[in-house]
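A.B. asks: whatever this is, show me its structure:
(chains A and B)
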Amino acid sequence: MEELTSFISDNLLMVYILVFAIFLGMEVISKVPTVLHTPLMSGANAISGVVVIGAILLIRQASTDDYLVLILGFLGIALAMINVVGGYAVTDRMLDMFKKKKSKI
Amino acid sequence: METSLYDFLYLISIVLFIIGLKRLSSPDTARNGNLIAAAGMGLAIIVSLIYPLDSGSNNYGWVTGGMVVGSAIGYTAARKVKMTAMPEMVSLFNGLGGACAMMISLVEFYNYPANTPLLNGAVFTTLFALFIGSISFTGSLVAYGKLEGFLRDSLVLPAPKIVNVVLLIAILVLGGYVLSLPDLNFTLVLVFLALSLFYGITFVTPIGGGDMPVVISLLNSFTGIGAALAGLIYNNQVMLVGGILVGASGTILTILMCKAMNRSLFNVIVGGFSSKGGASGDGREQVVREATPSDLAIELKYASKVIVVPGYGLAVAQAQHVVHELESMLEEEGVNFMYAIHPVAGRMPGHMNVLLAEADVDYPKLLELESANKEMPTTDVVLVIGANDVVNPAAKDDTSSPIYGMPILDVELAKNVVVLKRSMSTGYAGIQNPLFFGEKTRMLFGDAKSSLNKLKEEVDQA
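C.D. replies: Prediction:
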């Protein structure tokens, strides 16, 4: 328990950010028309690819001969980039259809 | 080294994420919002590439390689995927994000300094990220398999509830044990990983395909949480905020979806749709009446109001364009043609809206559940195209039905109901639909696209 409280006090700022971000996320999202649920899910999914930054930092911190870390990190980056690029591209494609609609009306 | 400039750039990308998400939630600004969020991601990635580090040899070759390979695959997949297969794609992408969180945590453990006590927040966070990432990875793959159809709903593990509870307890106990050891036992971490991966499979497998949207949304928020935990490990604010934003949005979306089905999240996860129960129709011989395209065409032509209820069958058959063509033909005849969109029609909320938008259907023609139900009594013909559970009256009057309580489209209030369906097989919830045996109901069997094409020809000739 002590370790946990010390971890929280050591990372107090991060914990604050975490709590505020939860509220912010719920506030930003809560008013969405059903039409946009699928694109929103897809767009949010692309944002979750932000985990790629972790993989980038991980590889950059590794030494050149640490092949296990390099290979795992490489895979991590590749997989997360599929999530990021694919996610944004697919969302854009979906939303493009709504836009076409708009210009016609 | 001076890092404040880089930290400031990180802050900008966080703001871009938030603005992007905000704009994504309104139809007029959605596309722009997506691009803003993408710009935020681009900036965050660039900053993390040049961020000054105390140690390490950068290994830019590996970084570039991974980024090029991933981007190329992701971009190609996103360009090539059919609009109907969108839920599968999102699920697959999501699983890969989870896999990345999993790998990061694994490497963190691999690099963990020897002879350091483990009972601290950092290790706990890493272990949690490993767990969440693994579930998200294998769970999303199972969801993908179920939607793609190569994993059947009938694939049932023995006693899924017991297996799940036992696994979860084993994972918690093992996690606690790993934390309490004086030194890191990497083998046990690997066992923990294996159990978590397996739990992802057993967690999603018993859940019926009809509930997949809820599960994907839930797993999406898991991946977000995994990214946020990784952000805690790296003390990186972008990952933390970005991940939590997704975690919160995924959770809200999950709850919205559950509400649309009038079920609790707990019910979806633990209950699952079982194929027993709601066995209405068993025991007595029930007759279905078949419709012929030529009769139906004449009926449609002289109807004053027609409502289409699209479902997953329409998506599978890629029939959205044909239905729009039929709509234009009948409108020329003076028919008032509309679409009734159930919140969970298809495999994701809004799935049908996306599909029909692709086929250039006018937005005002899409009615939401409540306004559609108001129109039903004055409607001449309702065409149910590849939908099943969302029009199942058992949800209203059969308390034993697993979908009891879910709001449905009251198609039986219309003067005539025609169901376009491939066969008499049940919907994703795996239950029989009394609507098909109703007095006003006729069935038009066959693939939605070819049935509609035949119908179009007949309308043309009639």
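A.B. asks: contacts and neighbour counts: CA atoms only from here.
C.D. replies: OK.
A.B. asks: and the most centrally placed residue in chain A, which of the three is it?
C.D. replies: For chain A, the residue nearest the mean C-alpha position is A:Ser48 (1.9 Å; Cα atoms, centre = their mean). For A:Ser48, the assignment made with DSSP: H, G, I helix; E, B strand; the rest coil gives helix.
A.B. asks: from memory it sits against B:Gly224, does it?
C.D. replies: Yes: under the criterion of Cα atoms under 8 Å, A:Ser48 makes contact with B:Gly224 at 4.9 Å.
A.B. asks: what residues do those two have in common as contacts?
C.D. replies: Listed as contacting both A:Ser48 and B:Gly224 by Cα atoms under 8 Å, 6 or more residues apart in numbering or on different chains are B:Gly242, B:Gly243, B:Val246.
A.B. asks: which of those come close to chain A?
C.D. replies: Filtering the shared contacts of A:Ser48 and B:Gly224 for proximity to chain A by Cα under 8 Å from any Cα of the partner chain leaves B:Gly242, B:Gly243, B:Val246.
A.B. asks: ok, of the residues you listed, which one's closest to B:Glu2?
C.D. replies: B:Gly242 (24.1 Å; Cα to Cα).
A.B. asks: so who does B:Lys449 touch?
C.D. replies: B:Leu314, B:Ala317, B:Gln318, B:Ala319, B:Val322.
A.B. asks: ugh, typo on my part, it should be B:Ala44
C.D. replies: A:Ile53, B:Leu9, B:Tyr10, B:Ser13, B:Val238.
A.B. asks: repeat that for 6 Å
C.D. replies: The contact partners of B:Ala44, taken as Cα atoms under 6 Å, 6 or more residues apart in numbering or on different chains, are B:Tyr10, B:Ser13.
A.B. asks: which parts of the helix or strand harbouring it are buried?
C.D. replies: B:Ala44 is part of helix B:30-50, with elements assigned from DSSP states H and E. Going by neighbour count (16 or more other Cα atoms under 10 Å in any protein chain shown), the buried part of helix B:30-50 is B:30-45, B:47-49.
A.B. asks: picking up where we left off before, and the buried ones among the shared contacts of A:Ser48 and B:Gly224, selectable in ChimeraX?
C.D. replies: Buried members of those, defined by 16+ other Cα under 10 Å, are picked up in ChimeraX with:
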select /B:242,243,246
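A.B. asks: quick one: which of the shared contacts of A:Ser48 and B:Gly224 is nearest to B:Asp183?
C.D. replies: B:Gly243 (30.2 Å).
A.B. asks: so the closest one touches B:Ala227, yeah?
C.D. replies: Yes: between B:Gly243 and B:Ala227 there is a contact under Cα atoms under 6 Å: 4.9 Å.
A.B. asks: what does the stretch 101-250 of chain B put close to chain A?
C.D. replies: Residues of the stretch 101-250 of chain B lying close to chain A by Cα under 6 Å from any Cα of the partner chain are B:Asn120, B:Gly121, B:Gly224, B:Ala227, B:Met239, B:Val241, B:Gly243, B:Ile244, B:Leu245, B:Val246, B:Ala248, B:Ser249.
A.B. asks: worst-scoring helix or strand of chain B, pLDDT-wise?
C.D. replies: Within chain B, confidence by mean pLDDT, DSSP states H and E is lowest for helix B:265-266 among all helices and strands, at a mean of 76.
A.B. asks: which strand or helix spans the most centrally placed residue in chain B?
C.D. replies: Here the mean C-alpha position of chain B is nearest to the C-alpha of B:Pro213 (Cα atoms, centre = their mean), at a distance of 3.0 Å. Secondary structure assignment for B:Pro213, by DSSP H and E: helix B:212-234.
A.B. asks: tell me what angle the following helix or strand past that helix forms with helix B:30-50.
C.D. replies: Per DSSP H and E, the first helix or strand lying C-terminal to helix B:212-234 is helix B:237-260. Between helix B:237-260 and helix B:30-50, the angle comes out at 150 degrees (axes from the mean of the first three to the mean of the last three Cα atoms, to 10 degrees).
A.B. asks: assumed B:Val419 was part of a helix.
C.D. replies: No: assigned with three-state DSSP, B:Val419 falls outside any helix and is strand.
A.B. asks: who is it paired with across the strands?
C.D. replies: As for beta bridges, B:Val419 partners with B:Val384, B:Met443 under DSSP bridges.
A.B. asks: my guess is it contacts B:Val381, does it?
C.D. replies: No: the pair B:Val419 / B:Val381 is not scored as a contact, 10.4 Å apart, by Cα under 6 Å.
A.B. asks: A:Val69 and A:Ile56, how far apart?
C.D. replies: Counting by Cα to Cα, to the nearest Å, the gap from A:Val69 to A:Ile56 is 11 Å.
A.B. asks: ok, B:Tyr112 next?
C.D. replies: 18 Å.
A.B. asks: so those two - more neighbours on which side?
C.D. replies: Neighbour count, other Cα atoms under 10 Å in any protein chain shown: between B:Tyr112 and A:Ile56, A:Ile56 has more, with 26 against 15.
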